[in-house]
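Student: Sequence below, structure please.
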Amino acid sequence: MRPVHGLLAALVATPFVAGVLAAPADRPAHPVFAFQDPEIDESSGLVVRDGLFVTVNDSGDTARVFVVDPATGETVGRTSWDADPIDDEALAPAAHSTDVWVGDIGDNLADRDSITITRVPTGRGELSGAVASYRLEYPDGAHDAETLMVDPVSGQVLIASKGFMGSIYAAPEQLTSGTNELKKVGEAPGIATDGAFFPDGKHLVIRDYDSATFYTYPGLEEVGEMTLPAQQQGEGIAVAPDGKVYVCSEGVESPVLEVAIPDRIRSVLDGDPHHPSAGPRPADDVPATTSHDDDRSPWPWAIGGGALVAIVLVLLRALRPR
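Tutor: So this is what the prediction gives:
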């Protein structure tokens, strides 16, 4: 069934990737390093801890995470554990620890009875051994997901589903050895590919292939959106302890980029989470959540949509009985 999964993913991603190729970023991105390890070929999650970057490949890899030194881009540590993941798609830093949570939460066909998150240690060198894994179940049926976030204050786990209309789900604050039922707590951007909390625990960010949306927490009020730089297939975002934001992409030797948050959004993140204390709006008085939309051309999305229709028609013709 894996070839079908890949085909469906390509069909869904086509119009969004077309938009990525033409949508201008809010600000130029700063390349920090490129992954040098050829075994990091489908980076699908990112965490920044103690000056090191942690990433995970998505479906098809074994149960392992990579620790990378940004000074060289070389892998300086690996953690592996005894598991056979279905589709690892996300990483999140564990609260008050150097551990990370790994999200085996991908489900392209939305047919999994449950998903799994695993807490693993990270650091330099080769690490292995017993880990803690927990089963999660959605309250409203199966969903595909690539976004795993952890509240840095309480340690509660959040997941954002990946779909044209996404949702945010919260796990129980105390996970148990049985099946833990998720609870829907808000809406997520369509086609969410990753997300992360800010260190204060009062804000989080969720990305898709070409943009990032910022929210208050726990209110989940949208406070801003920015266009991200073009990437091969952007599926990772991380917020470092100092508040800097980094993004990564699938692909061998793919770069990790530092992105500058626009002032209109940073003023909200640095002050009261509600808009009145965020300072004046842009000169044209357009809310911060949409102020950059005028710079986007509809043509990339129209072209992408047309390409999607063409692919579907070709696929249907190819599958027609002869």
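
Student: What pLDDT is listed against the closest residue to S161 other than its chain neighbours?
Tutor: Take S161 and drop its neighbours on the chain: the residue closest to it by Cβ to Cβ, 6 or more residues apart in numbering is H143, 4.0 Å away. Yep, even glycine has a C-beta here, placed from its N, CA and C like the rest. On the pLDDT scale, H143 is placed at 97.

Student: residues in contact with H143?
Tutor: Listed by Cβ atoms under 8 Å, 6 or more residues apart in numbering, the contact set of H143 reads 107, 110, 161-163, 167.

Student: Make a PyMOL selection of the buried ones in the residues you listed.
Tutor: Listed next is the PyMOL selection for buried residues among the contacts of H143, using 16 or more other Cβ atoms under 10 Å:
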select buried, resi 107+161+162+163+167
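
Student: Compute the first-to-last residue distance for stretch 66-82.
Tutor: One end of stretch 66-82 sits 16 Å from the other (Cα to Cα, to the nearest Å).

Student: The contacts of H143 into TSV, with extra columns for secondary structure and distance to Q232?
Tutor: Conversion of these to TSV gives the following (DSSP: H, G, I helix; E, B strand; the rest coil; distance: Cβ to Cβ, whole Å):
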residue	secondary structure	distance to Q232
D107	coil	23
A110	coil	25
S161	strand	23
K162	coil	18
G163	coil	22
S167	strand	27
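
Student: about what we covered before: how much space is there between the residue nearest to S161 and R264?
Tutor: 32 Å (Cβ to Cβ, to the nearest Å).

Student: In the stretch 151-300 of the chain, where is pLDDT below threshold?
Tutor: 272-300 (pLDDT under 70).

Student: do that again at 90, thanks
Tutor: Applying pLDDT under 90 to the stretch 151-300 of the chain flags residues 164-165, 271-300.

Student: for F198, what are its contacts?
Tutor: 204-205, 239, 243, 269.

Student: nearest to A94, of those?
Tutor: Nearest to A94 among these, counting by Cβ to Cβ, is V239 at 14.4 Å.

Student: Give me the distance between the closest one and I117.
Tutor: On the measure of Cβ to Cβ, V239 and I117 end up 19 Å apart.

Student: swap in G73?
Tutor: G73 is 28 Å from I117, by Cβ to Cβ.

Student: Just want to know which of the two has more residues nearby.
Tutor: The neighbour comparison of G73 against I117 (other Cβ atoms under 10 Å) goes to I117, with 23 against 18.

Student: For that one, give the beta-bridge partners.
Tutor: Beta-bridge partners for I117, by DSSP bridges, are G103, Y134.

Student: And it, what's its pLDDT?
Tutor: 98.

Student: isn't it right next to V100, touching?
Tutor: No: judged on Cβ atoms under 8 Å, I117 makes no contact with V100 at a distance of 10.4 Å.

Student: how about the strands in the stretch 201-322 of the chain?
Tutor: 203-207, 211-216, 222-227, 234-239, 245-249, 255-259 (DSSP state E, counting those that start in this stretch).

Student: and the ones you listed as CSV, adding distance to N180 and mean neighbour count?
Tutor: What follows is the strands of the stretch 201-322 of the chain, written out as CSV (distance: least, Cβ to Cβ, whole Å; neighbours: other Cβ atoms under 10 Å):
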stretch, distance to N180, mean neighbour count
strand 203-207, 20, 25
strand 211-216, 23, 22
strand 222-227, 28, 22
strand 234-239, 25, 26
strand 245-249, 28, 23
strand 255-259, 32, 20
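
Student: between those, which one is nearest to D82?
Tutor: The nearest among those, by Cβ to Cβ, is strand 234-239 at 25.1 Å.

Student: Now find how far off-centre that closest one is within its chain.
Tutor: 5 Å (Cα atoms, centre = their mean, to the nearest Å).

Student: What ranges does this structure have for its helices?
Tutor: Here the chain has its helices, by DSSP state H, at 2-22, 263-270, 299-319.

Student: Pull the contacting residues for L148.
Tutor: Taking Cβ under 8 Å, 6+ apart, one finds 45, 89-92, 101, 103, 105, 117, 157-159, 195 in contact with L148.

Student: With F33 as the reference, measure out to it.
Tutor: 23 Å.

Student: re earlier: closest to G129 out of the contacts of F198?
Tutor: Nearest member of the contacts of F198 to G129, counting by Cβ to Cβ, is V239, at 28.3 Å.

Student: Check the spacing between the closest one and V245 real quick.
Tutor: From V239 to V245 the distance is 6 Å (Cβ to Cβ).

Student: who touches both of the two?
Tutor: 196, 205.

Student: Give me the most central residue, this structure.
Tutor: D194 (0.8 Å; Cα atoms, centre = their mean).

Student: Just grab the bridge partners of the closest residue to that residue other than its chain neighbours for me.
Tutor: Nearest non-adjacent residue to D194, counting by Cβ to Cβ, 6+ apart: I237, 4.6 Å away. Under the criterion DSSP bridges, I237 forms beta bridges with V247.

Student: right, and I237 touches F214 too?
Tutor: No: I237 lies out of contact with F214 (Cβ under 8 Å); the separation is 11.1 Å.
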